[in-house]
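Colleague: Pasting the sequence and the predicted model now:
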Amino acid sequence: MSKPMTKTQLVAALAEAMGADRKTATAALDAVADVVAREVAAGGTVTLPGIGKIACKARPERQVRNPATGEMVTKAADKQVKIAVAKALKDSVNA
């Protein structure tokens, strides 16, 4: 298995694909990340065409077990980010 792509490598690849400099590619990547984070935190869903759908799901209060002590404790309600991978991406990976 290969190493994960770093942000620096992703920025370089984006700059090359866009025909722009790294500063512009970094700004574009940061802007997309900020918009996605803001929308999902507000409870919305963001679809990135060809990649997938990112959504926030609310989880209710529930009982969980502390693995160290075996004690059951109540965990407060929280939110969880879910990512559904697009069929186009699945198909390109499995091609």
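Modeller: Looks like it came in fine.

Colleague: can you count the residues close to Val46?
Modeller: 18 (other CB atoms under 10 Å). In this view, the C-beta of every residue, glycine as well, is placed from N, C-alpha and C.

Colleague: One more: Ala25?
Modeller: 19.

Colleague: Pretty sure it sits against Gly19.
Modeller: No: with contact defined as CB atoms under 8 Å, Ala25 does not count as touching Gly19 (10.0 Å).

Colleague: List the contacts of the closest residue to Ala55 other than its chain neighbours.
Modeller: Closest residue to Ala55 apart from its sequence neighbours, by CB to CB, 6 or more residues apart in numbering: Thr45 at 4.1 Å. By CB atoms under 8 Å, 6 or more residues apart in numbering, the residues touching Thr45 are Glu39, Lys53, Ile54, Ala55, Cys56.

Colleague: If any of the residues you listed are buried, give me the ChimeraX selection for them.
Modeller: Selection of buried members from these for ChimeraX, criterion 16 or more other CB atoms under 10 Å:
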select :54,55,56
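
Colleague: Pipe the contacts of Thr45 into JSON lines and attach secondary structure, pLDDT and distance to Thr8 per row.
Modeller: Shown next, in JSON lines, are the contacts of Thr45 (DSSP: H, G, I helix; E, B strand; the rest coil; pLDDT from 0 to 100; distance: CB to CB, whole Å):
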{"residue": "Glu39", "secondary structure": "helix", "pLDDT": "95", "distance to Thr8": "26"}
{"residue": "Lys53", "secondary structure": "strand", "pLDDT": "97", "distance to Thr8": "27"}
{"residue": "Ile54", "secondary structure": "strand", "pLDDT": "96", "distance to Thr8": "23"}
{"residue": "Ala55", "secondary structure": "strand", "pLDDT": "96", "distance to Thr8": "29"}
{"residue": "Cys56", "secondary structure": "strand", "pLDDT": "93", "distance to Thr8": "29"}
